[in-house]
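K.L.:
Sequence and predicted structure are below.
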Amino acid sequence: MAVEGPRKKPVSSEPAGGRRILIGANVGLAIVLAAGIVAVLQAIAYSVPNRWDMTSTGVNSLSEGTENLLRNLDTELRLTSLYFETDLEEADQQRYRRAVGDLLGLYASTNRSRVTFAHINPLNDHDEFNALVKRQREKPASKNAVESYVTRIDKYRNELDGMMRDLVERELAQIASFGGGLGGRSTPESISQIEFLFTKWREQLQSAREEVDALITLDDPQYAAVTDRLAALYADLLSALNNVETFSEGVMARSPDLEPGHAQFLREAGGRYDEIGSALESAQSELQALEPLQSDEVLSQIATTGNAILVETDDESLVVDFSSVWPPLNENQMGGRVAFEDRAFKGEEKVTSAILRATHKQQTAVIFVRYGGTPPFTGVPLPNQPPAPYAGVKTQLEDANFIVKDWDLKASTTPPEVDPTPTRTIYVVFKPTPAARGQFGQTDQDIPFGDVQRRAILDALGEAGRALFIAGWAPGPFGPIPSTYEYNDYLKETWGLSIDTSALLIAATETAPGRFNVTSRYFYNMEDFELGEHDIVSGSRVRLLVLPWCAPIDVPPSPPEGVEYHGLLELPYREGIWGVKDIQKYEAQFKERQYLTRDPDDLAGPFDLALAAAKGDAKIVVVSSREFATDVVAFAREFGLGSQGFTIRSRNPGNVTLLVNSLHWLNDNTEFMNVGQPIDVAVLNIPSKAGERAVHVLTVFVWPALALCCGGVAWWVRRR
């Protein structure tokens, strides 16, 4: 049997060196192509405004609510940055301008078919700025108002100007008929004074006519300025004529021996002025009835160095001013220059608010319902007096396109009138403020909250009402003994739930098994909730939330027939958190042994603290925390460490979000939820244009070149 030897590999006709060259060339070509593709993609990325935001906080993208608003626009929207640029500007100006430009670029890229963005430098771009001014005059609201202005101005030019001039000339002609001219011997001194007055008025009327003609023949006619000038003219002439009449009466009384002609001239002065006087008074009333020109109001807010943002639709224009976009982090800072690093950036919040108000003319009313207590929105800060607790919240709600009103049931059982008439009214219902008590427990003479006041708000709600009930734990009239909740009967009978006001939720720290200490002065603040699956709490900012003075919501295992429950905030079971039934018992414990042990009658979690419910067309939201939406809680600040070092930032942005989102849900406008970023969002800070170019060069050229070098080394090693 023949044994087969080992097979020989076929011999290639191509030299080994040639194969290595071919392989190396392929690798090198692939590296060059890859580097080229990377460079091209980087360059394209820099040219596209809408980039993929990979930051955890979303600082380089718009919020979901803003994007929903932009994508659902049914009208054209124009955004214009009027942040000025000059060789003499401060270093921060470039940073303000760039941040706003980047933000408005994001708006435009979200809906390119509806949103356009432009930057106009008011100091240099004169043609563009004049076109912007002309555009404001052509808005329908301004055009319609201008017609009324033109009517009043034409009445002056075609009628009243002639009447005033004729009067002046008649008076001067009659005085001249006495002989002697101005100050002549034949004319008494008293009549010469009148002659001097009307001579001056001849000049004033001519000057006024020239001024009016000049203002209305400008490329941008100044109608408001003309009517202001006419109002002053009419008032001055009426005053002068009244003075002449009064002066003439005085002369007649002092000088009974006047010549008959002179005496008749003075005696009939009042009668000669009746016709012109009536005409001028009527013209004055017509001028006072004029509505302000919207275009003038807009243009008055756009100074050449004011750093404004203009939000426009075909029918509307709104100005977002610099101070609202860049408020100081320290609200108590008075006067002086505030540097870029010491300002918050509320650009998205304010611009989106303006867009909402410009594109949605129908408004919802939000009425804060209270019984006594501190007025929620207004009040002059006085020593030892609490400030208005919801002034900042009111501004926030008005930015969200709500009309905000206050209803004090103690003063009136009739809801306040709202103008313009809202499409819907939502009530924010607070626990009534108890009557003040004296040293021996007696109340003041005010009528206490009762069935009349309760029925007033329930009648206002009706069968399909929308309301946010702000409840929680509150002390009773005799110290820490808890009070009852006045709307529990309504909540129980209509919605099947109630507030367990007997228990105050506290947070303590376990120092040993069964022993607890209160380690924070804010032991009544609850945090770290589990969020329900609902639109109101779908945004990430809702997690940054604090609820003070909480009482559990008693929710039945199943809702009443026709009622749907939606859990919003649940506080899970935690060893150091429970519902205290008798706070005085714990005070005694702590004084005696410096630690606490939980009473078996107290409540353990989990606790429901916020819930939404619907029943047909009716909706309510209940938040069992009586101060969660006050300014002092919702706008609380704290120090934080960011990319620019230590800064002051919003501590509880979720409180405002919970309030506004609840109102949007009650208003059936879930698409407007979670609008805007927190006010302490950082702005990318590249120190200079040179630094920006350096970053650009690195990403477009250096990184691809580095990849090419690494590939070349790999090719050289393999070639060996």
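P.N.:
Okay, I see it.
K.L.:
residue ranges with poor pLDDT in the stretch 301-450 of the chain?
P.N.:
With pLDDT under 70 as the threshold, the stretch 301-450 of the chain has low-confidence stretches at 331-336, 379-386, 436-446.
K.L.:
all strands of it, in order?
P.N.:
All strands of the stretch 301-450 of the chain, identified by DSSP state E, counting those that start in this stretch, fall at 309-312, 317-320, 364-370, 402-408, 424-430.
K.L.:
swap in the stretch 51-200 of the chain?
P.N.:
77-81, 115-119.
K.L.:
right, so those strands: which one is the most enclosed?
P.N.:
strand 77-81 (a mean of 21; mean count of other C-beta atoms under 10 Å). For every residue, glycine as well, the C-beta is placed using N, CA and C.
K.L.:
wait, which of the strands of the stretch 51-200 of the chain is closest to residue 129?
P.N.:
Counting by C-beta to C-beta, residue 129 lies closest to strand 77-81 out of the strands of the stretch 51-200 of the chain; the figure is 9.7 Å.
K.L.:
mind giving me the domain split of this protein?
P.N.:
Following automatic domain parsing, one gets these domains for the chain: 19-54+694-719, 61-121+310-361, 140-294, 367-438+447-672.
K.L.:
I'd like those written out as TSV, with distance to residue 130 added.
P.N.:
Output for these, formatted as TSV (distance: least, C-beta to C-beta, whole Å):
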stretch	distance to residue 130
domain 19-54+694-719	27
domain 61-121+310-361	10
domain 140-294	7
domain 367-438+447-672	31
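K.L.:
Nearest to residue 304 among those would be which one?
P.N.:
Of all the domains of the chain, domain 61-121+310-361 comes closest under C-beta to C-beta, at 6.4 Å.
K.L.:
So in the protein, where's the weakest helix or strand by average pLDDT?
P.N.:
helix 689-697 (a mean of 52; mean pLDDT, DSSP states H and E).
K.L.:
nearest residue to the most centrally placed residue in the chain other than its sequence neighbours?
P.N.:
When C-alpha atoms, centre = their mean is applied to the chain, the residue found nearest the centroid is residue 399 (3.3 Å). Sequence neighbours aside, residue 353 is the residue nearest to residue 399 in space, at 3.8 Å (criterion: C-beta to C-beta, 6 or more residues apart in numbering).
K.L.:
I figured that neighbour was touching residue 400, is that so?
P.N.:
Yes. Proximity of residue 353 to residue 400 meets the contact threshold set by C-beta atoms under 8 Å, at 6.6 Å.
K.L.:
and the two? which has more neighbours close in?
P.N.:
residue 400 (28 against 24; other C-beta atoms under 10 Å).
K.L.:
That one and residue 662 touch, don't they?
P.N.:
No. Counting by C-beta under 8 Å, residue 400 sits too far from residue 662 to count as a contact (11.6 Å).
K.L.:
related to what we said a few turns ago, using CSV, lay out the strands of the stretch 51-200 of the chain together with mean pLDDT.
P.N.:
Below are the strands of the stretch 51-200 of the chain laid out as CSV (pLDDT from 0 to 100):
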stretch, mean pLDDT
strand 77-81, 96
strand 115-119, 96
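K.L.:
could those go into JSON lines alongside distance to residue 590?
P.N.:
Below are the strands of the stretch 51-200 of the chain laid out as JSON lines (distance: least, C-beta to C-beta, whole Å):
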{"stretch": "strand 77-81", "distance to residue 590": "58"}
{"stretch": "strand 115-119", "distance to residue 590": "60"}
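K.L.:
Out of those strands, which is closest to residue 340?
P.N.:
That would be strand 77-81 among the strands of the stretch 51-200 of the chain, by C-beta to C-beta, at 16.5 Å.
K.L.:
Partner strands of the closest one and their direction?
P.N.:
Take DSSP bridges as the rule and strand 77-81 pairs in its sheet with strand 115-119 (parallel), strand 309-312 (antiparallel).
K.L.:
neighbouring contacts of stretch 525-542?
P.N.:
63-65, 505, 507, 543, 545-548, 550, 566-572, 577, 606, 609-610, 612, 621, 625, 653-654, 657-658, 661-662, 665, 670, 673-674, 678 (C-beta atoms under 8 Å, 6 or more residues apart in numbering).
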